[in-house]
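[1] sharing a model prediction with you, sequence too.
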Amino acid sequence: ARPGGCMARAEPPAASFERRVLRSAAEHHYLRVRLELPDGAARPTVAQFKQLVVSALRDLHGEVGAALPVDVLTYEEKTLSAILRVISSGLVKLWSALTLLGFYQNRRCAFRVLQTSPFLLALAGNSRELDLD
């Protein structure tokens with residue numbers, strides 16, 4: 001007993017905090033993209049679309065960027081929209097290359113990344129694009 005009649009109390013252990021950062025273990029990332037072209041511009045076929053993606057990677061990241069495995073899973077020539085698959089480590093390279101691309105066949109163009117996810121199913125439907133007619 002301590003003087004004054006108070007019992008000595010054991011101090012509670014100090015709180016310890018551990019920071020954990022979880023990185024996605026997904027092997028691939030998927031991007032829903034749309035190519036914006038001026039009215040009357042020639043619409044690329046799926047092969048030309050893929051070549052445009054590869055040339056965007058080459059322009060920004062050189063031959064190493066052009067070797068990045070990118071797959072065009074779906075492509076709609078009518079809307080110029082596609083779903084691309086890339087290995088997760090190449091997501092930033094692909095996204096930056098698409099964002100900085102400015103020309104297709106000497107005409108202004110722009111890629112818009114509409115959605116991205118490590119899960120393909122997340123891109124399967126978008127309630128904002130539902131046609132309720």
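    Yes, it's here.

[2] is R85 in a helix, a strand, or coil?
    Following DSSP: H, G, I helix; E, B strand; the rest coil, R85 is assigned to strand.

[3] S88 contacts H29, doesn't it?
    Yes: counting by CB atoms under 8 Å, S88 sits close enough to H29 to count as a contact (5.1 Å). (C-beta placed from N, C-alpha, C; glycine too.)

[4] flag the shaky bits of this protein, pLDDT-wise.
    1-9, 12-13, 19-24, 125-133 (pLDDT under 70).

[5] in it, which spans are helices?
    Ranges of helices in the chain, per DSSP state H, are 46-66, 91-100.

[6] which stretch among the ones you listed comes nearest L80?
    For L80, the closest of the helices of the chain is helix 46-66, at 8.0 Å, according to CB to CB.

[7] for the most centrally placed residue in the chain, which non-adjacent residue is closest in space?
    Centroid-nearest residue in the chain: T116, 4.1 Å away (criterion: CA atoms, centre = their mean). Of all residues not flanking T116 in the chain, L31 sits nearest, at 4.8 Å (CB to CB, 6 or more residues apart in numbering).

[8] report the beta-bridge partners for the one you found.
    For L31, the residues forming beta bridges with it (DSSP bridges) are L84, T116.

[9] which ones are touching it?
    83-84, 86, 91, 94-95, 98, 113, 115-116 (CB atoms under 8 Å, 6 or more residues apart in numbering).

[10] do the same with S81
    Counting by CB under 8 Å, 6+ apart, S81 makes contact with 32-35, 75, 114.

[11] brilliant, that's me finished.
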